[in-house]
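# based on what follows, work out the 3D shape:
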Amino acid sequence: MQITKPKRQRKMLFQAPDHIRRKHFAARLSPELRGSHDVKTIPIRRGDAVRIMRGDHKGFEGKITRVDRKKYRIYVEGLRREKVDGTTIFVPIHPSKVMITNLNLEDKWRKQILERKKEAYKIKEKTPAKIHSEVDETKELEEKKTIARKQKRRKKTAEKKPKEPKKMKKKRITETKKEEKLKAKRTRVRRKVTKKTKGGK
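Numbering: from 1, shown residues only. Model (predicted):
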């Protein structure tokens with residue numbers, strides 16, 4: 001079920017665990033890197049070279065100095081602004097506004113991630129027709145199963161004895177009640193008659 005309320009979306013975003021927060025820091029790669037690694041996006045890390053693609057600082061390039069996972073912001077080297085009191089601070093930028101121009105591959109785990117993504121991308125490119133055919137086959141099997149279930153239900157309903165309509169049942173119930181009431185009245189009358197006769201004697 002997809003969450004549509006903004007307050008619930010914000011709650012899910014800012015209370016997310018680290019393994020989900022990491023995915024929100026994914027940024028697209030430059031065309032050169034995409035051609036060499038066969039990867040479209042990857043989570044940003046400290047040390048990556050970056051170009052800002054949108055906003056007031058569009059076109060600025062620099063290395064990432066800090067990644068703030070709590071506030072979902074990154075800080076680029078050299079991108080600063082002055083406060084009213086004269087002090088300078090780094091400008092926070094959202095990772096979606098950024099394109100990676102150079103990757104930091106000092107970590108061996110990151111290299112493995114790129115290789116794994118590259119292999120998956122190649123498999124998708126090679127066999128798109130097979131995947132579609134498998135999907136079609138599964139759909140056909142599901143449709144056949146649903147048709148068979150419907151046929152079984154129809155057979156079961158046909159084999160069962162025809163039930164009496166509800167109206168008839170109600171009439172029978174009312175008739176039995178009337179008969180019971182008449183019997184009760186007769187017994188009362190008989191008792192009264194017997195009492196009177198005994199008293200007269």
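
# start to end distance for stretch 78-92?
End-to-end distance for stretch 78-92, by Cα to Cα, to the nearest Å: 12 Å.

# and that stretch, how far from the chain's centre?
With Cα atoms, centre = their mean, to the nearest Å as the basis, the distance from the averaged C-alpha position of stretch 78-92 to the chain average is 41 Å.

# list the buried residues of it.
Counting neighbours by 16 or more other Cβ atoms under 10 Å, one finds that the buried residues in stretch 78-92 are Leu79, Phe90. To be clear about C-beta, it is placed using only N, CA and C from the backbone, and glycine gets the same treatment.

# now do the phi/psi pair for Val76.
Summarising the backbone geometry of Val76 under the convention degrees, to the nearest 10, its torsions are phi -100, psi 140.

# so who does it touch?
Contacts were defined as Cβ atoms under 8 Å, 6 or more residues apart in numbering; by that measure Val76 touches Val50, Ile52, Phe60, Gly62, Lys63, Ile64, Thr65, Phe90, Val91, Ile93.

# also Glu106?
Glu106 is in contact with Gly47, counting by Cβ under 8 Å, 6+ apart.

# can you tell me the helix or strand for Arg28?
Of the helices and strands defined by DSSP states H and E, Arg28 is found in strand 26-29.

# mind giving me the packing neighbours of that strand?
Secondary-structure packing of strand 26-29 (3 or more Cβ pairs under 8 Å, 6 or more residues apart in numbering; DSSP states H and E): strand 41-43, strand 98-102.

# so what's the residue count around Asp136?
In terms of burial, Asp136 registers 10 neighbours under the definition other Cβ atoms under 10 Å.

# in what helix or strand does it lie?
Asp136 belongs to helix 128-159 when elements are defined using DSSP H and E.

# now for Lys97, how many residues are close by?
16.

# pretty sure it contacts Val50?
No: applying Cβ atoms under 8 Å as the test, Lys97 and Val50 come out as separate, 9.6 Å apart.

# that older thread, pull out the buried members of the contacts of Val76.
When the contacts of Val76 are checked against 16+ other Cβ under 10 Å, the ones flagged as buried are Val50, Ile52, Phe60, Gly62, Ile64, Phe90, Ile93.
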